[in-house]
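Visitor: Return a 3D structure for these sequence lines:
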Amino acid sequence: MTIKTAIFGASGFVGGELLRLCAAHPQLSPVRLFGDSQAGAALEDVHPHLALAYPGARFERYEESALEGVDLVFAALPHGQSQSLARTILDRGIAFVDLGADFRLRDPAEYARWYGEPHQAPELLGRFVYGIPELHREAIRGARAVAAAGCYPTTAILALKPLVDAGLIDPATIVVDAASGVSGAGKGLKDSTHFNSVSESLSAYGLLSHRHTAEMEASLGAKVLFTPHLSPMNRGILATCYAAATGPMVADAPLQALKAAYADEPFVHVTERAPATKWTLGSNAAQVTARYDERTGRVLAISALDNLVKGAAGQMVQCANLMLGFEEAQGLSTCGVYP
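Guide: Next comes the predicted model:
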C-alpha cells in the first residue's frame, strides 16, 4: 500500500528529516513538498543529502487543490500556521500529523496564556490526540488528527511520567533543565544561532516562561520549573530532571519504575548509565535513567534523544504508522550514528 504524503515545511530541518525517514519507509511516498520560501527550488539544492532519494523533486507553494489524492499530511510549521490549514485537511478526511504547537493544548485559554495570542480554531482542539505514542498509543491508533509533542516535553515526560504515576515524586516540585542542539531553533538565521554566538558557549533562555512548560504540566499533572539551554551541537536534547521524593526508598526504585513502564517499548531504552545525546543521534530512540538520592531526599531522572527524530520527524512517522495501521516501528531506526 502506497500512502501519498504531503509535507508542509518540507524545506526546513524537520521537513528534511521527514523526507529522509520517508525514503526508508516502504509505504510513505512524499508527493507534495510545500515550502513557500523555497517554492520552485530543486530539492537537491535545499537538501543535497537527499538528492539520490528524490531525483527531480521540487518545492511548491501550497494551494488547496494540491491536496487532491493525498492520504496523509505532515505539517512542520511554526506555531500559529496550522490553525488556518487544519479544517481543510480534516474536512477532506486526510490523516493529519501536526508538529506545531497549535493543537497540543486542550484549553484555548492556556494556549493564549503561553503563546500570547488567541487560538484561531478552538473548535478543532478536541479532534487532536496528543502525540507521544508511549503515553497515548491506543488513542493515536483511532485518530485522524495527532498533535505530535514538542521535543523538550517528549524528553522530560518520558523521564518523569512513570515516576509520577508510581507515586515516587511530588509533582509540585519538578525542575527540568534541558539542553538542545541548535537545529531545534529551526533553519531561519538569528543572531543567537550564528556559529560565532553558539560555538564554545552554553546559554539558558526562555526563563520561567518557555511555551513547552504547558505541555509538560498537562501530561504530568504537575507544576514544572523548566529552563531550556542552547548547546553548541547540531542535534540532541539532554534533560536533567529533579523532584522531591514522596518518601524514603531504595536507591534504584526510580530506575525500576522506568524499567517496568518501558519494558515493551520499541524506542525507549532504560539504562543504568548516564545517557548521552550521541547515543541517540539519527535514531528514534530515547535513553532514560533515574536515581533516588537519600542524602537530599530527591529523585534525579535523565533523558536523551535526537530532537529532530524522536523529538520531531521520527515521532510524527511513529504516530502516522499507528494511525494508518502499520507496524509502529516501520521506517524508523533504534540505532544511533556513532561516532
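Visitor: List the buried residues in the helix or strand of the chain with the lowest mean pLDDT.
Guide: Every helix and strand of the chain was ranked by mean pLDDT, DSSP states H and E. The lowest is helix 195-198, at a mean of 85. By neighbour count with 16 or more other Cβ atoms under 10 Å, helix 195-198 contains the buried residues Val198. The way it works is simple: take the backbone N, C-alpha and C, and place the C-beta from them, glycine included.
Visitor: contacts for the next helix or strand after it?
Guide: Counting by DSSP states H and E, the next helix or strand C-terminal to helix 195-198 is strand 203-204. Contacts of strand 203-204 with the rest of the structure, by Cβ atoms under 8 Å, 6 or more residues apart in numbering, involve Ser192, Thr227, Pro228, His229, Leu230.
Visitor: Mind doing that once more with 10 Å?
Guide: Strand 203-204 has contacts (Cβ atoms under 10 Å, 6 or more residues apart in numbering) with Asp177, Ala179, Ser192, Ser197, His210, Thr227, Pro228, His229, Leu230, Ser231, Pro232.
Visitor: what ranges do the strands span in the stretch 151-300 of the chain?
Guide: Ranges of strands within the stretch 151-300 of the chain are 174-180, 203-204, 224-230, 237-244, 268-270, 286-293, 298-305, based on DSSP state E, counting those that start in this stretch.
Visitor: mind putting those in TSV, distance to Gln256 and mean neighbour count included?
Guide: Shown next, in TSV, are those (distance: least, Cβ to Cβ, whole Å; neighbours: other Cβ atoms under 10 Å):
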stretch	distance to Gln256	mean neighbour count
strand 174-180	20	22
strand 203-204	32	12
strand 224-230	23	20
strand 237-244	17	23
strand 268-270	9	20
strand 286-293	9	22
strand 298-305	12	25
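Visitor: Format these as a markdown table; extra columns: mean pLDDT and distance to Ala51.
Guide: Formatted as a markdown table, those follow (pLDDT from 0 to 100; distance: least, Cβ to Cβ, whole Å):
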| stretch | mean pLDDT | distance to Ala51 |
| --- | --- | --- |
| strand 174-180 | 98 | 28 |
| strand 203-204 | 96 | 35 |
| strand 224-230 | 98 | 30 |
| strand 237-244 | 98 | 29 |
| strand 268-270 | 98 | 33 |
| strand 286-293 | 98 | 30 |
| strand 298-305 | 98 | 28 |
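Visitor: Which of those strands sits closest to Arg106?
Guide: Closest approach to Arg106 among those (Cβ to Cβ): strand 224-230, 17.1 Å.
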